[in-house]
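Participant: model this:
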Amino acid sequence: MSIEEQIEYWIESADNDLTVAEHLFQSSDYSWCLFVGHLVLEKILKALYVRNNRKVPPKTHNLLTLSKLIGLNLTPEQEEFLSRVNDFNIEARYPDFEMQFAELCTKEFTLENLSKIKGFYRWLKSLVE
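Facilitator: Numbers count the residues shown, from 1 in each chain. Modelled structure (predicted):
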């Protein structure tokens, strides 16, 4: 797969996952909506990584690690946000956190975070294109 094909793969996959996250929100499946929201940011960061480094991205789910490998200059608020979104990946996945996370994921909490994920996604996507 060429570099351009890899970039396109990650962008298309992130776009598809964003649609899935929106469907999950509409279905009131809030914790999984935010879990998929994490995937959206992970995949667009991987597209940016490939564009900047011209090689396959590392096999990590950590958004902060990816952003540092890309060389993004994030504000402390952006770093804090990515750290919080990293938690969505862990808390939705593992049973010992899953119930607590589901209780945290009210409609309002999820909408606020999904909106921020979308905004961050649009910004990152603009850096890829």
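
Participant: Tell me if I'm right that Leu127 and Leu48 touch.
Facilitator: Yes. Contact criterion Cβ atoms under 8 Å: Leu127 and Leu48 qualify, at 5.7 Å. Quick note: C-beta positions are derived from backbone N, CA and C, even for glycine.

Participant: who has more neighbours, the two?
Facilitator: Leu48 (24 against 14; other Cβ atoms under 10 Å).

Participant: so where's the protein uncertain?
Facilitator: 91-95, 97-98 (pLDDT under 70).

Participant: Show me the residue at the heart of this structure, geometrically.
Facilitator: Centroid-nearest residue in the chain: Leu41, 2.3 Å away (criterion: Cα atoms, centre = their mean).

Participant: how close does it sit to Lys107?
Facilitator: The gap separating Leu41 from Lys107 is 21 Å, by Cβ to Cβ, to the nearest Å.

Participant: give the contact list for the residue nearest to the centre of the chain.
Facilitator: Leu41 makes contacts with Ala14, Leu63, Leu82, Val85, Ile117, Phe120, Tyr121, Leu124, as judged by Cβ atoms under 8 Å, 6 or more residues apart in numbering.

Participant: In JSON lines: those residues, plus distance to Arg54.
Facilitator: Formatted as JSON lines, those follow (distance: Cβ to Cβ, whole Å):
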{"residue": "Ala14", "distance to Arg54": "19"}
{"residue": "Leu63", "distance to Arg54": "21"}
{"residue": "Leu82", "distance to Arg54": "24"}
{"residue": "Val85", "distance to Arg54": "26"}
{"residue": "Ile117", "distance to Arg54": "27"}
{"residue": "Phe120", "distance to Arg54": "24"}
{"residue": "Tyr121", "distance to Arg54": "23"}
{"residue": "Leu124", "distance to Arg54": "18"}
